[in-house]
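S.K.: pasting the structure only:
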Ligand SMILES: Nc1ncnc2c1ncn2[C@@H]1O[C@H](COP(=O)(O)OP(=O)(O)O)[C@@H](O)[C@H]1O
Ligand SMILES: C=C(OP(=O)(O)O)C(=O)O
Ligand SMILES: [K+]
Ligand SMILES: [Mg+2]
């Protein structure tokens, strides 16, 4: 491709950001009034970028000791660039178009908690490891977090950690250590709030919620895990509730319980339970002290609880960079969806419990709505639960499961999540491979078939400076699609500009350069972003120079590649060929 470039600068006196003032004769055009745009086509521009850089030796992954620091740390090693080692290999071997845009989350459980198993998942494309505080001890979870951190430090992965709270909805106990129990048709089981110190009597299930025996009525229908197993309440004896199994099935430890009366969910009492229980608060403290990247809150009912948690995090860990993810899994969360998503840093379509609270046939429409709302409000969204449920037992997915995964990818969710498939299934690596290959295939199909989808995204900026950033990202995306560029580069300290670009879902990957390890890990959840950590200045010329030479030295880009670059320090769009 001919070596020429196009510069387009917009700078504004309204912006707090530094205006460009280039002492150099290097053809950047600077204008100091709003809405005057300069386009300069300069054939010499490319040679400017070929200027040898003094930091071309950046081929070494700096083994960042800061990787597990809970707070953002600016790493001062200015001669290195950090990128996830899986992405690096992908880029080197297959180029820009091969990179996966949909991010993958794996729940870690007994099947995947050892270092070797975690490494297999990281190598297979896991972007985020999720730990579910419903299960296991804090000690167990700490071990997992430390193993992931070690993997990141020693092997160059960038796996982020998501801690998921238990929440205070009603669920069963842990089956006295058994991995499952079978309930047969017509059998009588006892659901009890008593504490059993020794082994559980036969056909007895512990219930975590003290008011349970009080709240249910004879004749109520009791659903385990949204209807996987059903019982009818036949008798109440003090703390014990006798039930007859009407739909047989497998009971799993800590499965969710709901009860229904006259065809509707009984949730008066649930509505009074706090979203964040006292145990959850202790888990959150644990998460803060371990420096997790995301905290997912179960059974969110309103924006209020998210706001409270945010203030709590701010007070406890002032400079922390922890994102709060609202799990949408209750009727209340559907009612208050917009304000909850607005208050949170992201959302999860938690279809497991959601499907226990609304009729199953309503779940797909709600999934689509949640994804849409999140995209409009610029918050990452995760589609979770039962994506590849049959792979807990079998090495290949059903056709229906592949269609479900495809649909989530086509809807352009930011991330897909494995639960039981990776936590306790027999084929965690194979399940991850299926998510990866289906994502790649559907993304490619979508790009090939539906090029330049017209996105009608509402403006979300609250200040004029933010509006400019938003317009720049919208325009950069449009240009990137029309010019078929290889990548968009974004230099962003907070990550905001990177997420605005991700929101536009451009055809090409977005290389997001940021200065802190924690921002880099956080960007791991967002569609299409390839986060890099590199130190940079406010001088875009030198930033570009430096990243070009570092990336070239690592074989991730090559001369002639066409890139668009934007930054949140300098509100500009530049198009250029890599020298
Ligand atoms: N830390 C853990 N320890 C033991 N088992 C776990 C752990 N995490 C997950 N599991 C198992 O994996 C299953 C699926 O995980 P997940 O979907 O996160 O939980 P749940 O099914 O309770 O909503 C759980 O039911 C449980 O059997
Ligand atoms: C992801 C979910 O939450 P959990 O696995 O914690 O129940 C869900 O309900 O779909
Ligand atoms: K949970
Ligand atoms: Mg749930």
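M.R.: The structure has been received and is ready for your questions. Note that this is a predicted model, so its numbers are computed, not measured. Residues are numbered from 1 along each chain as shown. Ligands and ions are numbered 1, 2, ... in the order given.
S.K.: List the contacts of the nearest residue to residue 337 once chain neighbours are set aside.
M.R.: Closest residue in space to residue 337, ignoring its immediate chain neighbours: residue 373 at 5.7 Å, by C-beta to C-beta, 6 or more residues apart in numbering. Using the backbone N, CA and C atoms, a C-beta is placed for each residue, glycine as well. By C-beta atoms under 8 Å, 6 or more residues apart in numbering, the contact set of residue 373 is 337-338, 341.
S.K.: In the stretch 51-200 of the chain, where is pLDDT below threshold?
M.R.: Applying pLDDT under 70 to the stretch 51-200 of the chain flags the ranges 51-79.
S.K.: Show me the strands in it, by range?
M.R.: 82-83, 103-107, 128-132, 160-164, 181-183, 188-192 (DSSP state E, counting those that start in this stretch).
S.K.: What residues of the fourth one count as buried?
M.R.: So the one you mean is strand 160-164. Across strand 160-164, burial judged by 16 or more other C-beta atoms under 10 Å covers 160-164.
S.K.: how about the contacts of residue 373 in JSON lines, adding pLDDT, secondary structure and distance to residue 94?
M.R.: Output for the contacts of residue 373, formatted as JSON lines (pLDDT from 0 to 100; DSSP: H, G, I helix; E, B strand; the rest coil; distance: C-beta to C-beta, whole Å):
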{"residue": "337", "pLDDT": "98", "secondary structure": "helix", "distance to residue 94": "38"}
{"residue": "338", "pLDDT": "98", "secondary structure": "helix", "distance to residue 94": "39"}
{"residue": "341", "pLDDT": "98", "secondary structure": "helix", "distance to residue 94": "35"}
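S.K.: and of those residues, the nearest to residue 145?
M.R.: Checking these against residue 145 with C-beta to C-beta, the nearest one is residue 341 at 27.1 Å.
S.K.: Check the gap between that closest one and residue 119 for me.
M.R.: 34 Å (C-beta to C-beta, to the nearest Å).
S.K.: ditto for residue 517
M.R.: Counting by C-beta to C-beta, the separation of residue 517 from residue 119 is 20 Å.
S.K.: okay, those two: which has more neighbours?
M.R.: Higher neighbour count among residue 517 and residue 119: residue 517, with 24 against 19, using other C-beta atoms under 10 Å.
S.K.: The more buried one contacts residue 533, doesn't it?
M.R.: Yes: Residue 517 is within contact range of residue 533, at 5.6 Å (criterion: C-beta atoms under 8 Å).
S.K.: so how many other residues sit close to the residue of the stretch 401-550 of the chain found nearest ligand 4?
M.R.: Per C-beta to the ion, residue 419 is where the stretch 401-550 of the chain lies closest to ligand 4, at 9.0 Å. Per other C-beta under 10 Å, the neighbour tally for residue 419 reads 25.
S.K.: Just give the number of residues close to the closest residue to it other than its chain neighbours.
M.R.: Excluding its sequence neighbours, the residue lying closest to residue 419 (C-beta to C-beta, 6+ apart) is residue 107, at 4.8 Å. For residue 107, the tally of surrounding residues (other C-beta under 10 Å) stands at 26.
S.K.: Spit out the contact partners of residue 107.
M.R.: Residue 107 neighbours (C-beta under 8 Å, 6+ apart): 130-132, 417-420, 422-423.
S.K.: From these, list just the buried residues.
M.R.: The buried subset of these (16+ other C-beta under 10 Å) comprises 130-132, 417-420, 422-423.
S.K.: and which of the residues you listed is nearest to ligand 3?
M.R.: Within the buried ones among the contacts of residue 107, the smallest distance to ligand 3 is 4.7 Å, found for residue 132 (C-beta to the ion).
S.K.: What score does the closest residue to residue 523 other than its chain neighbours have for pLDDT?
M.R.: Leaving aside its sequence neighbours, residue 523 sits nearest to residue 531 (C-beta to C-beta, 6+ apart; 4.0 Å). Note for residue 531: predicted pLDDT of 94.
S.K.: List the contacts of the helix or strand where residue 531 lies.
M.R.: With elements taken from DSSP states H and E, the one containing residue 531 is strand 529-533. The contact list for strand 529-533 (C-beta under 8 Å, 6+ apart) reads 64, 75, 81-84, 87, 91, 99, 158, 498-499, 501-502, 509-517, 519-521, 523-524, 547.
S.K.: Likewise for stretch 279-291?
M.R.: 68-71, 133, 138, 141-142, 145, 161, 163, 165-168, 276, 295, 298, 309, 312-313, 316-317, 320, 322.
S.K.: Next: stretch 315-324.
M.R.: Contacts for stretch 315-324 (C-beta under 8 Å, 6+ apart): 70-72, 285, 287-288, 291-295, 297, 306, 309-310, 313, 344-346, 516, 518-519, 522, 525.
S.K.: are any of those buried, and which?
M.R.: For these, a burial check counting by 16+ other C-beta under 10 Å picks out 70, 72, 287-288, 291-295, 297, 306, 309, 313, 344-346, 516, 518-519, 522, 525.
S.K.: For burial, what's the neighbour tally of the residue in the stretch 251-400 of the chain positioned nearest to ligand 3?
M.R.: Taking C-beta to the ion as the measure, the stretch 251-400 of the chain has residue 298 as its residue closest to ligand 3, at 4.6 Å. Counted with other C-beta under 10 Å, residues neighbouring residue 298 total 24.
S.K.: rewinding a little: return the distance of the residue of the stretch 401-550 of the chain closest to ligand 4 relative to ligand 2.
M.R.: 5 Å (C-beta to the nearest ligand atom, to the nearest Å).
S.K.: heads up, I number from 815, so please use that
M.R.: Done: numbering now begins at 815, and the last item shifts to residue 1233.
S.K.: surely that residue meets residue 1198?
M.R.: Yes: contact criterion C-beta under 8 Å: residue 1233 and residue 1198 qualify, at 6.6 Å.
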